[in-house]
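>>> Sequence and predicted model, in that order:
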Amino acid sequence: MLWLDSSSVIGNRVRHVKQRRAIETPSRAVEYMIQNLAPKYSGNQTFDMMNMFLVAIVLLLVLLLIGVVLYVRVPRTYQSADSVANSYDDWTNDGILEFYWGEHIHLGHYGSPPRTKDFLKAKSDFVHEMVRWGGLDKLPSGTTVLDVGCGIGGSSRMLAREYGFAVTGVTLSPQQVRRAQRTYHPEVECPLSGR
């Protein structure tokens, strides 16, 4: 329930009335504000325009609040793996991910403390950091590694080439698998995932 304090303008002072009125719904609150809080025509256009502006701002804030409440309250359902795969298929066919992100479709590592470096170099460094953080750098060459969510295989190729791992990449997107197979590296297996 929303409570609004009534107030009225006398001269340039605001007089607050000690009366409170319960407003049950946001639409009734907007209706109440328009009828009771919007200024009556005073003959002063600047004053009227300012008050109309304030009423418009209040209305926008009420609408924003309603939108946020609806967003939080209405459950969003997961559609399917197909919807995710279809999006990745489209992006792969368009070449947009590769164009902007290169062969590694993930974030970069900029050091600790962070320093400025080339975006593509930071992404390559991220793979090396993940290997180090995961202890993979202690594994012998020829170790089998599974790259889940491998995209077009950039990180898989790097793991095979630079660490000697036998890498299997898995993705939901058949188009990403085809793209990865076109940039084939003998140490990377690119099976088509079950879709």
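Ah, there it is. Residues are numbered from 1 along each chain as shown.
>>> And the contacts of stretch 87-96?
Leu97, Glu98, Gly151, Ile152, Thr171, Leu172, Ser173, Pro174, Gln175, Gln176, Arg179 (C-beta atoms under 8 Å, 6 or more residues apart in numbering). Quick note: C-beta positions are derived from backbone N, CA and C, even for glycine.
>>> got the contact list for the fifth one?
Thr171 makes contact with Tyr88, Gly149, Cys150, Gly151, Val177, Ala180, Ser193, according to C-beta under 8 Å, 6+ apart.
>>> Then Ser141?
Tyr163, Gly164, Phe165.
>>> One more: Cys150?
By C-beta under 8 Å, 6+ apart, Cys150 lies in contact with Ser156, Gly169, Val170, Thr171, Gln176, Ala180, Cys190.
>>> Could you take the contacts of Thr171 and lay them out as CSV, with extra columns for pLDDT, secondary structure and distance to Asp82?
Below are those laid out as CSV (pLDDT from 0 to 100; DSSP: H, G, I helix; E, B strand; the rest coil; distance: C-beta to C-beta, whole Å):
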residue, pLDDT, secondary structure, distance to Asp82
Tyr88, 84, helix, 11
Gly149, 88, coil, 16
Cys150, 88, coil, 19
Gly151, 87, coil, 18
Val177, 87, helix, 15
Ala180, 83, helix, 20
Ser193, 46, coil, 12
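>>> Can you list the low-confidence ranges for the protein?
1-47, 76-79, 81, 184-195 (pLDDT under 70).
>>> And the helices in it?
For the chain, applying DSSP state H gives helices covering 26-32, 45-73, 81-94, 96-101, 119-134, 154-163, 174-182.
>>> Flag every buried residue along the second one.
Within helix 45-73, the residues that qualify as buried by neighbour count (16 or more other C-beta atoms under 10 Å) are Asn51, Val55, Val58, Val62.
>>> Show me which of those is closest to Ser124.
Val62 (49.5 Å; C-beta to C-beta).
>>> tally of neighbours for the nearest residue to Gly102 once chain neighbours are set aside?
Distances taken as C-beta to C-beta, 6 or more residues apart in numbering place Leu120 nearest to Gly102, at 4.8 Å, with adjacent residues excluded. If you count neighbours by other C-beta atoms under 10 Å, Leu120 ends up with 13.
>>> Likewise for Asn86?
Using other C-beta under 10 Å: Asn86 sits among 17 other residues.
>>> any idea how far it is from Pro174?
10 Å (C-beta to C-beta, to the nearest Å).
>>> Buried members of the contacts of Cys150 into PyMOL, please.
A single PyMOL command selects the buried members of these (16+ other C-beta under 10 Å):
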select buried, resi 156+169+170+171+176+180+190
